[in-house]
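**Q** below is the sequence, then the predicted model.
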Amino acid sequence: MTPLAILKQYFGYDAFRAGQAELIDALVSGRDALGVMPTGAGKSLCYQVPAMVLPGVTLVVSPLISLMRDQVQALCANGVPAAFLNSSLTETQWNKAMAGALGGRYKIIYIAPERLLSPSMRELAQNLRISLVAVDEAHCVSQWGQDFRPAYLDIPKFVAGLPARPVLASFTATATPRVREDILAALGLRDPLTMVTGFDRPNLYFEVKQPTDKYAALARYLKEADGCGVIYCSTRKEVESVAERLQTDGCAAARYHAGLPDGERSRAQDDFLYDRVKVIVATNAFGMGIDKSNVRFVIHYNMPQNVESYYQEAGRAGRDGLPADCVLYYARKDINTALFLINRSENPAEIARNKRLLGQMEQYCETDGCLRQYMLNYFGEQAEGGCGSCGNCTGSFDETDATVDAQKILSHILRLNRAGKRFMFTHTADILLGKSEDFTDLSTFGIMKGVPRRYIRRLITRLTALGYIYDDGYLSVMPKAKEVLFGGVSVTIRGNKPASSVEKGRPGKSAAAPGYAVSESLLAKLKALRLDIAREDKVPAFIVFSDATLTDMCVKRPRSEEEMLAVSGVGRVKMERYGGRFLEILGENDD
Ligand code: ADP
Ligand code: MG
C-alpha cells in the first residue's frame with residue numbers, strides 16, 4: 001500500500017500535512033531523517049505510516065510511559081497492531097508483550113530508552129527484523145536542553161548492536177539550532193533529510209493579560225470556556241492555592257506537581273485525560289507526556305521563565321487543529337519569582353543566560369506588537385505584519401505617553417556607551433535614581449530620582465522591544481533611538497487593559513469550519529455518545545474520535561458508511577467499530 005492509502009485507511013485522513021510526505025518518503029526509501037515540527041503538527045504519523053509500509057517492525061523510543069500508553073491505545077483503535085515495553089508492565093504483561101513481539105504480532109513497538117540495553121531487548125533485537133528505529137522527543141538526547149535524558153545516549157549503542165542497521169528517524173518540536181545539531185551528532189544519523197516546518201500554529205489564539213485580580217480573571221474565563229484546559233503556575237504553592245480555590249468554587253479541577261505522591265499524580269493526569277475534570281492546575285512538571293488532542297485552553301497563571309518553555313507549554317492546546325486559547329496572566333511580581341528560581345543555580349554562566357532568556361519573556365509580555373510575530377521571530381522565522389488575530393492585534397490598550405522618560409533613559413545609556421560603558425539594568429537604573437556611588441558627575445545622574453524602579457524596568461523593556469535599546473544582559477542604545485531623542489517620535493507605555501476589552505476583540509470561534517454552521521446541539525450529542533463509548537471501552541474520549549473529527553461530522557453530515565469514511569479521522573476500523581452508532585444520531589438530526 002502507498003503511504004497515502006495507509007493514511008486514509010488506518011488514520012482516516014485525506015492528505016498529508018506540511019513536511020509529512022517528504023519525511024515519510026525519505027524513511028520508506030531507506031534514508032535517515034530528522035523532523036523538526038511544532039507540537040500538534042503530526043510527527044507521530046511520520047513514523048507510523050512508514051512502519052506500515054516497511055517490512056518487519058518499527059521500534060519507537062519514547063520518553064514517557066503515559067505517552068506510550070496513549071499512542072498505543074490510539075494505534076490499536078485504528079487497527080494498527082502495536083504494543084509498548086516499559087516499567088509500567090507487570091512481569092506477566094511484559095512476557096506476554098515480548099512473546100507477541102517475537103511472534104511478529106506487532107508492527108510498532110514503543111520502548112523506554114532505559115530498556116534498550118536490557119538482555120531481553122537484546123534477544124528481541126537478534127530475532128526480529130527491525131526496519132526502522134524512530135526517536136520521538138529527540139531533544140532529550142541533548143545535554144543543552146532541559147529535558148536531557150541520559151538513557152537517550154544508549155540509542156546509538158543499541159542500533160550498532162543490531163544485525164542490520166535500520167533506518168533512523170528522529171523528531172522534536174525544539175527549534176534551537178544547537179539542539180538540532182546535538183541530535184544529528186549524538187544519534188549518528190547518516191545523511192539525513194532534515195525537515196523543519198514553520199512554527200506557526202494558526203489555530204492558537206495568543207493573549208497576554210495583566211489582571212489586577214488574577215483569580216477573578218481566571219474564574220471569569222472558566223465560566224465561559226468550553227472544553228478542558230491546563231492552568232500552569234510557577235510554584236507548587238501557587239498550584240495548591242489555585243486548585244483549592246477552584247474546587248471550593250465548584251470547578252472540577254485536579255492538581256499536579258512534583259511534590260505529590262506518584263499515585264496522586266498519575267490519578268490527576270488520568271482524570272484529565274479521561275475528561276473527569278475540566279482543568280488541571282500544574283507546575284511545568286506536567287505535560288511532556290500529554291498528547292491529549294482536545295485541550296481547548298492553556299492558561300499561564302504566572303509568567304514562565306523563557307519563551308521556549310512558554311511556547312512548548314502553551315502549544316499543548318489545540319493539537320487537533322481546532323481553535324484554542326493560550327492566555328498568559330502577567331504581573332510584575334512574576335519576574336521576582338522567576339528571578340528567585342533562576343538565582344538558585346550555582347553556575348554564574350547559567351544564571352546570566354537564564355536572565356537573558358527571562359528578559360525576552362518579559363518583552364513578550366510587554367510588547368504591544370503582534371504576539372504571534374514576536375514568537376515566530378524568536379524562533380528565527382520571518383514574520384511581517386500583524387497576524388490580526390492575537391490579543392494584541394485585536395485588543396485595545398490604555399496607553400500612556402512616556403516619551404520624556406524614554407528620552408531620559410536613552411540619553412543616559414547613550415552617555416554611558418559613549419564613555420565606553422555598558423551596564424546591566426541594576427547599575428544603569430541606580431545612576432538614574434541617584435543611588436550610585438559612581439558617575440555622580442554624569443548629567444543624567446539622579447534625573448529620575450524617586451521614580452519607581454519597576455517603572456524604569458518596564459520602560460527599558462519596552463524600548464528594547466521597540467528596537468531602541470539592545471539588551472544582551474548589558475544595555476546599549478541603538479542608532480534608531482535618534483527617532484525618539486531628536487526625531488519627534490513618541491513612546492507609549494501600556495497600562496492595564498480594561499478587563500472587558502479583550503473578550504470583545506476576540507475572534508469568533510467559527511474558524512473551525514469557515515462558511516459552515518456547526519450545530520451546537522448536534523455536536524453536543526455526538527460528544528455525549530463519544531463519552532459513552534469511551535467509558536465502555538475504558539479509553540480517553542479523544543482516542544475514540546477527536547473534537548476535530550466530531551466537528552467534521554457535523555459539517556459533512558454523513559448518511560452512509562461510505563460518506564462516514566470521508567470524515568477526517570474516520571478510518572476503516574473506527575468506521576466498523578463506531579460508525580453505525582454515530583450514523584444513527586446523525587440520521588435522527590437530519591434537518
Ligand atoms: P506532534 O507529535 O507533532 O505534537 P501528533 O503526532 O500528536 O503531533 O498529532 C497531532 C494531531 O494531528 C493528532 O490528533 C493527529 O491525528 C493529527 N494529524 C496528524 N497528521 C494529520 C493529517 N495529515 N491530517 C489530519 N490530522 C492529522
Ligand atoms: Mg509527539
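**A** Perfect, thanks for sending it. Numbers count the residues shown, from 1 in each chain. Ligands and ions are numbered 1, 2, ... in the order given.

**Q** pLDDT weak spots in the stretch 451-591 of the chain?
**A** 494-518, 590-591 (pLDDT under 70).

**Q** and what of the chain?
**A** 145-146, 175, 288-289, 396-399, 494-518, 590-591.

**Q** spell out which parts of it neighbour ligand 1.
**A** Neighbours of ligand 1 within the chain, by Cβ under 6 Å from any ligand atom: 13, 16-17, 20, 37, 39-45, 291, 293, 319-320, 546, 568. Placement of C-beta: from N, CA and C, glycine included.

**Q** please pick the buried ones from these.
**A** 13, 16, 20, 37, 39-45, 291, 293, 319-320, 546, 568 (16 or more other Cβ atoms under 10 Å).

**Q** rewinding a little: now, which of the residues of the chain next to ligand 1 lie within helices?
**A** Q20, K43, S44, L45 (DSSP state H).

**Q** check which helix or strand covers E207.
**A** strand 204-209 (DSSP states H and E).

**Q** partners of that strand, with directions?
**A** strand 324-329 (parallel) (DSSP bridges).

**Q** what's the partner strand in contact with?
**A** With contacts defined as Cβ atoms under 8 Å, 6 or more residues apart in numbering, strand 324-329 is touched by 203-211, 214, 217-218, 221, 225, 229, 295-303, 310, 314-315, 317-318, 365, 391.

**Q** ok, stretch 11-23 next?
**A** Contacts for stretch 11-23 (Cβ under 8 Å, 6+ apart): 3-4, 7-8, 24, 33, 35, 37, 41-42, 45-46, 48-49, 78, 169, 193, 195, 197-198, 549, 565-571, 574-575.

**Q** how distant is that stretch from the center of its chain?
**A** Offset of stretch 11-23 from its chain centre (Cα atoms, centre = their mean, to the nearest Å): 21 Å.

**Q** one more: stretch 346-365?
**A** On Cα atoms, centre = their mean, the centre of stretch 346-365 falls 20 Å from that of its chain.

**Q** list the buried residues for that stretch?
**A** N354, K355, L357, L358, G359, Q360, M361, E362, Q363, Y364, C365.

**Q** any idea which helix or strand carries the last one?
**A** I take that to be C365. Assigned by DSSP H and E, C365 falls within helix 348-366.

**Q** now the angle from that helix to strand 204-209?
**A** Helix 348-366 and strand 204-209 are oriented at 90 degrees to each other (axes from the mean of the first three to the mean of the last three Cα atoms, to 10 degrees).

**Q** just to revisit the earlier point, next SSE after the strand holding E207?
**A** Strand 204-209 is succeeded, C-terminally, by helix 214-224 (DSSP H and E).

**Q** list the buried ones in that next one?
**A** By neighbour count on 16+ other Cβ under 10 Å, the buried set for helix 214-224 is K214, A217, L218, Y221, L222.

**Q** same thing with stretch 74-85?
**A** A74, L75, C76, A77, N78, V80, P81, A82, A83, F84, L85.

**Q** residues near A566, how many?
**A** 14 (other Cβ atoms under 10 Å).

**Q** for it, which residues are in contact?
**A** D14, K556, P558.

**Q** so which of those residues comes closest to L485?
**A** D14 (57.2 Å; Cβ to Cβ).

**Q** now the closest residue to ligand 1 within the stretch 301-450 of the chain: how far from R165?
**A** Closest contact between the stretch 301-450 of the chain and ligand 1, by Cβ to the nearest ligand atom, is at R319 (4.5 Å). Note on R319: its distance to R165, by Cβ to Cβ, to the nearest Å, is 33 Å.

**Q** could you do F439 as well?
**A** 64 Å.

**Q** of these two, which one has the most company?
**A** Each of F439 and R165 has its neighbours counted (other Cβ under 10 Å); F439 has more, 20 against 13.

**Q** is it true that that one touches F445?
**A** Yes. With contact defined as Cβ atoms under 8 Å, F439 counts as touching F445 (5.8 Å).

**Q** shared neighbours, those two?
**A** Contact criterion Cβ under 8 Å, 6+ apart; residues shared by F439 and F445: I431.

**Q** going along the chain, name the helices of the stretch 301-450 of the chain.
**A** All helices of the stretch 301-450 of the chain, identified by DSSP state H, counting those that start in this stretch, fall at 307-314, 332-342, 348-366, 371-378, 391-394, 403-418, 425-432.

**Q** where does A169 fall, phi/psi-wise?
**A** Note on A169: its backbone torsions stand at phi -130, psi 140 [degrees, to the nearest 10].

**Q** tell me who's in contact with it.
**A** Per Cβ under 8 Å, 6+ apart, neighbours of A169: 23, 27, 32-35, 46-47, 50, 132-135.

**Q** what's the closest non-adjacent residue to the residue in the stretch 1-150 of the chain positioned nearest to ligand 1?
**A** The stretch 1-150 of the chain approaches ligand 1 most closely through G42 (2.8 Å), counting by Cβ to the nearest ligand atom. Leaving aside its chain neighbours, G42 sits nearest to R17 (5.0 Å; criterion: Cβ to Cβ, 6 or more residues apart in numbering).

**Q** what about D213, how many residues nearby?
**A** With other Cβ under 10 Å as criterion, D213 counts 11.

**Q** what sits up against stretch 77-89?
**A** 10-12, 48, 51-52, 65, 68-69, 71-72, 75-76, 94, 97-98, 100-101, 105-112, 114-115, 121, 539, 543-544, 571-574, 577.

**Q** got a PyMOL select line for the buried ones in the residues you listed?
**A** Typed into PyMOL, the next command selects the buried ones out of the contacts of stretch 77-89 (criterion: 16+ other Cβ under 10 Å):
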select buried, resi 10+11+12+48+51+52+65+68+69+71+72+75+76+94+97+98+101+106+107+108+109+110+111+112+115+121+539+543+544+571+573+574
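
**Q** residue contacts, the residue nearest to Y310 when sequence neighbours are not counted?
**A** Among residues not flanking Y310 along the chain, P304 sits closest, at 4.6 Å (Cβ to Cβ, 6+ apart). Applying Cβ under 8 Å, 6+ apart to P304 gives the contacts Y232, S234, N284, Y310, E313, A338, M361.

**Q** can you do 7 Å?
**A** Applying Cβ atoms under 7 Å, 6 or more residues apart in numbering to P304 gives the contacts S234, Y310, E313, M361.

**Q** need the phi and psi values for it.
**A** When read as degrees, to the nearest 10, the backbone of P304 gives phi -70, psi 180.

**Q** and it, how far is that from S66?
**A** P304 is 22 Å from S66, by Cβ to Cβ.

**Q** which phi and psi does the residue of the stretch 101-250 of the chain found nearest ligand 1 have?
**A** Proximity of the stretch 101-250 of the chain to ligand 1 (Cβ to the nearest ligand atom) peaks at A173, 6.3 Å away. Note on A173: its backbone torsions stand at phi -100, psi 0 [degrees, to the nearest 10].

**Q** contacting residues around the closest residue to it other than its chain neighbours?
**A** Counting by Cβ to Cβ, 6+ apart, T39 is the residue found nearest to A173 once chain neighbours are left out, at 4.9 Å. Residues counted as contacts of T39 (Cβ under 7 Å, 6+ apart) are A173, Q312, G315, R316, R319.

**Q** can I have the buried ones of those residues as a ChimeraX selection?
**A** Here is the ChimeraX command that selects the buried residues among the contacts of T39 (16+ other Cβ under 10 Å):
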select :173,312,315,316,319
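
**Q** between which two of the contacts of T39 is the distance greatest?
**A** Among the contacts of T39, Q312 and R319 lie farthest apart (Cβ to Cβ), at 12.5 Å.

**Q** rewinding a little: name the nearest of the buried residues of helix 214-224 relative to V451.
**A** Nearest member of those to V451, counting by Cβ to Cβ, is K214, at 26.0 Å.
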